[in-house]
Every structure is written in structure tokens, then in C-alpha cells.
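# Quick check, what structure comes out for this input:
(one chain, ligands or ions: 1)
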Amino acid sequence: MRSDAHILLIDPAHFDVRYAINPWMQPVHWARERDVYMARARAGFDALYAALVSIGCRVSVMPGAPGLPDMVFPANAGIVLDGRVLVARFRHPERQGEEAAFEALFRRLQAQGVVNSVTMLPVGCYQEGAGDCIWDAHRGLFWAGWGPRSSRMAIDHIEAHFGHTVVPLELVTAQSYHLDVCFCPLAGGDLLYYPPALSAASRARVEALVAPAQRIEATAQDLAHFNVNAVNVGRDIVMSRCTDRLRATLTARGYRVHEVDLAPFMLSGGGAFCMTLRLDRRVDAAQPAACALA
Ligand code: ARG
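Have a look, this model is predicted:
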């Protein structure tokens, strides 16, 4: 079935694991088997592409750039809603070259009529795109992570720019350095998440906005498999190889889990969600207005 989802992928030709800016990254291990991993990365990318097409997504693949190995994770490129793009500002110098590269890419998409506007955040205001700012279509709000990568002050900029509620969530562990590693709102209003990654105050915020029956708690094992870093479109969820427990939980709730071998990308700290960026997100008038915050 065709959905409205339009997803950007970045070709992995320039993907590499050369530095370590999160605890999952293993450049030494990678270097020992680089050729094997590069071939596996291409196969994993092709499988991800095929899985997204099979669930009805329109997928656009754009080239990365030499010297920017993490461009393969376009979730970090910016926040996109209603055709408006807020381009990311990266915390680490290793990724800062991506800002201009992604700005140019978004301008190309603007010229093609895919997006309408492209805006830069102020310098020094770190914000790593949809990886740290996830649109919850069911609730009509953004969940935004801050701490390891994105600045707390980015929240106000996002809210002012898009005019929608942004719920700040403080990330307190190195493993969940981006919100999308530990937090995945699903189409039906369910939330797949790993509570220990959030501060106590942020956990309380989530609990105030998401009913107990809608909360699906991931385990440390699910997190390590990058299963929370999943792409959800309707009933379909695309993710890296899934733990048996989580597959059973999601299936029992009526979701269809599609698994892809993304092991080489996990050696860079990424899974399915961060390899994608939704370009079509629109505020759905049929959805309830943003919930009042407790
Ligand atoms: N190596 C990349 C980094 O550390 C991985 C980014 C994964 N992206 C994400 N949204 N979790 O920045």
C-alpha cells in the first residue's frame, strides 16, 4: 500500500567509521574489517531501501560527500515540518562540515519543490535535527532531546520557528546521545522508549502525556540492537534485527516488524531511524491540538 511518507536516504559510498564521538563507535574494530563492513553496509542500505519501498514509502536517495562519513545519517540533517526545514548545527567538529552540505542539499530539494523554506539556526545553538527532535503526529507536538548533542536553548528556537509545542527531554546517558536512540513515538499513539535514558523530570513529563497502556518500555538489549531507532509508518516498523521479546510485544499490538541487517551502521551508533529523514511531515488538521503540558 502506498503511504504519503517521503523519505530521504543518503547513499553510503562515503560512509566510514574513522572517529569516535559516541560510545557505540568502534573505529579500530571497523578498520580491521573495513572491506567486509563496507560491503555489508551497502547490502544493509539496499535492504533498508527495499523495506521502505515495500511498506509504500517514496524514497529519495541523494549523494553524501567525501570526508563526511556520518552524512549517511540524514535524521541529523535538520527538522522538517510542513515543508519548512530548520537545518542542524552539530556539536562535534567532525560533523560540522555537514551543515553546509545539508544546507545545499535542502536548497536543491527546495528548487525541486519538495520543501518550501530552509532556515539556519544561530551559530553556537547546537541542534542535531530529527535525531533530537521527533514529531509525534498523534499528539501534534515535538519531543526534543537535549544534553549530549543538542543545546537546551535550541528548544525555544524550534518552538518559535514551527509554532508547535516542543517537549524538552533531558538525555542523561552517553549511549542515548540522541533522542532517537531511546525514544520512538508510534503512529497509533504508542510510545516505544527506554526510560533510564531520561532524567527523572523528563520521565515524569513523558508519563504525564502518554497513558500507561500506550507506553512500551524497551530493555537495554533492545537499545543495544538499535531497535528503538525505528522507522514507523502506520502499522509497519522498519528496524535493525529485532530482539525476540520486542518483536512479540509489537506484533501483539498489531504492528508489523520489518528487520534489516544494519550492523555496520550500528558500529557508528546508528540504526534505521537515523538513516532516514521524513520530508513529508505535515501537521494533520484531523489530529487533536497539542496536549496541554502538565
Ligand atoms: N556516528 C554518528 C554520530 O555519532 C551517528 C549518528 C546517528 N544518528 C542518530 N540520529 N542517532 O553522530
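# Now the stretch 151-294 of the chain against the ligand: closest residue?
Using C-beta to the nearest ligand atom, the single residue of the stretch 151-294 of the chain nearest to the ligand is Cys274, 3.1 Å away. The way it works is simple: take the backbone N, C-alpha and C, and place the C-beta from them, glycine included.
# which SS class is the closest residue to the ligand within the stretch 51-200 of the chain?
The minimum distance from the stretch 51-200 of the chain to the ligand, using C-beta to the nearest ligand atom, falls at Gly131 (2.7 Å). Following DSSP: H, G, I helix; E, B strand; the rest coil, we place Gly131 in the helix state.
# what's the answer for Val53, then?
helix.
# before we move on, the earlier item: what is the burial count for the residue of the stretch 151-294 of the chain closest to the ligand?
Neighbour count of Cys274, defined by other C-beta atoms under 10 Å: 27.
# Now do the contacts for it.
Neighbour list for Cys274: Phe73, Ala75, Asn76, Gly131, His178, Asp180, Asn229 [criterion: C-beta atoms under 8 Å, 6 or more residues apart in numbering].
# And the pLDDT at it?
In this model, Cys274 is scored at 98, pLDDT.
# how far away is it from Leu262?
In this view, Cys274 and Leu262 are 10 Å apart by C-beta to C-beta, to the nearest Å.
# what's the answer for Ser60, then?
For Ser60 relative to Leu262 (C-beta to C-beta), the value is 19 Å.
# swap in Arg253?
23 Å.
# same deal with Val115?
For Val115 relative to Leu262 (C-beta to C-beta), the value is 27 Å.
# Mind checking which of those two has more residues around it?
Leu262 (27 against 20).
# surely the more buried one meets Gly271?
Yes - under the criterion of C-beta atoms under 8 Å, Leu262 makes contact with Gly271 at 5.7 Å.
# Right, I'll call it a day here.
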